[in-house]
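Quick check, what structure comes out for this input:
(2 chains)
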Amino acid sequence: MFRTLSILIKKEFLQIFRNKSILAIIFVMPVIQLVILPLAANYEIKDIKIAVVDHDKSTESRELIRKITASGYFKIMDYGENYNDAYLEVEKDKIDLILEIPNNFEKDLVRENNEKVLIAINAINGTKAGLSASYLGQILQNYNQQVQLEMNPELESAKKISGLEIIPNFWFNENYNYRLSLVPGILAFLVTLIGGYLTALNIVEEKEIGTIEQINVSPIKKRDFILGKLIPFWILSMVAFTIGLLVTIFVYKIQMQGSFLLLYAFISVYLIAILGMGLLASVYSDTQQQSMFMVFFFMMIFILMSGLFTPTQSMTDWAKYIAYLNPVTYGVDGVRLIMLKDSSFMDLLPHFGFITLLGIVVITWAVLRYQKTS
Amino acid sequence: MKQLITFVKKEFWHVLRDKRTLLVLFGMPVIQVLLFGFALSTEVKNTKIGVLDQDKTQNSIELVSKVAANQYFEINKDLKSINEAENAFKGGKIKMILVIPQKFSENLIEGKKAQLQLITDGTDLNMANQIYNFMSNIIMDFYGQQTLQKISGVQPEIRMLYNPQLKGAPNFVPGVMALILLIICVLMTAIAIVREKEMGTMEVLLVSPMKPYIIILAKAIPYFILSMIILISILILSVSVLNLPIKGNVFLLFGVSIIFIITNLLLGIVISIVTESQQTAMLIALVGTMLPTLMLSGFMFPVENMPVPLQIIGNAIPAKWYYEIVKNIMIKGTGLEVIWKHVLVLVGMMMVLFVIAVKKFKIRLE
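Sure, this is the predicted structure:
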């Protein structure tokens, strides 16, 4: 039996190596994407473009504006007296936020100690809008304290709160490196994409060309046939992963915190499950086009619902279940945990459990289904 | 003309015969728009956090319950020591730890320096930043109300333009629209020609008296019609189910979408002409378009933060321009006066791709 299997594997490899463009895509494309794309991933929100509509033009209003500029988050692009002009600039995407300071700002502030300013934010991107509002809120709070103390220097309670200090502490990422939070996740996703695609397209190609008929009439066992398909692509995917890992470590200087053994053990099992899913798609389709659309359909859902770009815990309840059933969620999280936090096998037990189960289910399913069609 | 119609009919039959692909073609946009419109949100809520209260005073207990009462946070772990914290992070169970040190309240009341520590999981920096900001606002608010009663000072009146509830949909729907149309159009045509090459039927076409542009046109028209149907279904869904009305001019939106769809179909045709096998064409179309579009078009990450070379690459992606246009027309309700530059760029891209497709295709004929 091993003889048949090893011959099948050799045959696959020969076929793979014959197609140079596929090889290039497998090995070069991920590297290029891994090198280039994470550079784009910077959520840091700074230089929020702000237009100030200052109806007051007083010392106090200027002081407030000075505080805002000094914070470093905001860049004043426009300073005028007309809200509508500023709004037009928001429509053109030239301005993110309008701060309108009313007439009598200074007078009311001194007399009544109460004054409203209008902040209008372009909120199409909710995250950015929320953060801008929160930054500006902090600045205003600061400004208020300062004004309070200036006006009533004897005010004890105002002094008290100025003693409060909140110290941020970013564990596992002291250098505040955005790439660190993304590169391992993208690496996991790229091997998923490659592994899933290769198997999904491969069997179907044989179907389309007609060579699968020959295998079906030969005495090759189904099990050997499936294994003969899985093993070569598993090896290729592991190689692609290793290349990606080298890029992660040497290009991005992301230090491996955990054990390589655990990482490879994890990726091995994970890839078996992913390749199995590719096989399943392959078994269910008659043309490469079909299988590709199917894989694309799932990949799109997998990537967007994996927690790689948006947090899983803020999804609606039913969507969370999709995220929990999504292998990429485990793949991305697992690679991150091992690489960045030195998590142990016990920490990853749910991950291992899920991907092992998934692997068994999809491969059994594929084998059963494949027998039916032959 | 008659030739073309017959040919288009034939191509249409090919497409319609493949029920499974059709199902995916129409099912995909519907499911994805719903999924992403409803499920995705960059909002931070129900974040699990740990608390390490070494102060244990009435003040600190009140602070903790104030935090717990907030919808952003859910206290998951009452930690006994800082060592426990590391393990909690490693299991990936919590995202932040609020550390209240000994004598915190005493120091605060005496007006000395009183420090609170917020430890966040830096492996997800975006999240860490957001929850750090939320938490410090909650804390400042708590003490502000406690100690600075009657003092209000300057209060902001915040108006969230275009998206008052800060939903994810106004940002995601235009992005998903651009992404789905891009990938479906590119993939469909990318395979169309290369498949004939692989099957050998291309030879037959080439020796027929059909002009090359007729062949290209006939291949593209059925997919164009399909794409339009997909576009319409996405729009109907986003208006009726996601409650995202089209604020601007619907005809303008359709006009620009037609330009975008044609650009993508042409891109697929170019890929199809330069590749030799379906696998290569598909891998190029897919790996080459999906992640770069997702990451560089401004839909996931702010473009202004990207390094200049990446911004330039991003500008070469048609979906980036379309995404901006859709945002403007659908969500903001602006018209041509704001987006004319974007439209010109798309038209330019379409023409360049058209020239390449025709030139390359002719070369193969000779």
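
Give the buried residues for stretch B:111-125.
Judged by neighbour count using 16 or more other CB atoms under 10 Å in any protein chain shown, the buried positions of stretch B:111-125 are B:114, B:116-125. For glycine as for every other residue, the C-beta is placed from the backbone atoms N, C-alpha and C.

what would those look like in a markdown table with pLDDT, secondary structure and distance to A:Ala51?
Shown next, in a markdown table, are these (pLDDT from 0 to 100; DSSP: H, G, I helix; E, B strand; the rest coil; distance: CB to CB, whole Å):
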| residue | pLDDT | secondary structure | distance to A:Ala51 |
| --- | --- | --- | --- |
| B:Ala114 | 83 | strand | 38 |
| B:Leu116 | 88 | strand | 35 |
| B:Gln117 | 88 | strand | 37 |
| B:Leu118 | 91 | strand | 32 |
| B:Ile119 | 90 | strand | 37 |
| B:Thr120 | 89 | strand | 32 |
| B:Asp121 | 86 | strand | 36 |
| B:Gly122 | 84 | coil | 34 |
| B:Thr123 | 83 | coil | 36 |
| B:Asp124 | 81 | coil | 33 |
| B:Leu125 | 80 | helix | 29 |
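
Can you add distance to chain A and give these back as a markdown table?
Compiled in a markdown table, the buried residues of stretch B:111-125 are given as follows (distance: CB to the nearest CB, whole Å):
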| residue | distance to chain A |
| --- | --- |
| B:Ala114 | 5 |
| B:Leu116 | 5 |
| B:Gln117 | 5 |
| B:Leu118 | 5 |
| B:Ile119 | 4 |
| B:Thr120 | 6 |
| B:Asp121 | 6 |
| B:Gly122 | 3 |
| B:Thr123 | 4 |
| B:Asp124 | 5 |
| B:Leu125 | 4 |
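
From the residues you listed, pick the one nearest A:His351.
Taking CB to CB as the measure, A:His351 sits nearest to B:Thr123 out of the buried residues of stretch B:111-125, at 15.2 Å.

show me the contacts for the closest one.
A:172-173, A:180-181, A:336, A:340-341 (CB atoms under 8 Å, 6 or more residues apart in numbering or on different chains).

Restricted to buried residues, select these in ChimeraX.
In ChimeraX syntax, the buried subset of the contacts of B:Thr123 is picked out as below (16+ other CB under 10 Å):
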select /A:172,173,180,181,336,340,341
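
If we only consider the contacts of B:Thr123, which is nearest to chain B?
Set against chain B, the nearest of the contacts of B:Thr123 by CB to the nearest CB is A:Asn173 (2.7 Å).

Against A:Gly244, how distant is the closest residue to the closest one other than its chain neighbours?
Of all residues not flanking A:Asn173 in the chain, B:Gly122 sits nearest, at 2.7 Å (CB to CB, 6 or more residues apart in numbering or on different chains). Between B:Gly122 and A:Gly244 the computed distance is 22 Å (CB to CB, to the nearest Å).

quick revisit: list the ones among the contacts of B:Thr123 that fall in helices.
Applying DSSP state H to the contacts of B:Thr123, the entries found in helices are A:180-181, A:336, A:340-341.

Tell me the one of the residues you listed nearest A:Asp47?
Nearest to A:Asp47 among the ones in helices among the contacts of B:Thr123, with distances taken as CB to CB, is A:Ser181, at 20.9 Å.

Could I get the contacting residues of the closest one?
Going by CB under 8 Å, 6+ apart, A:Ser181 touches A:173, A:336, B:122-126.

Would you check which pair of the residues you listed lies furthest apart?
A:Arg336 and B:Asn126 (13.3 Å).

Sweet, I'm off.
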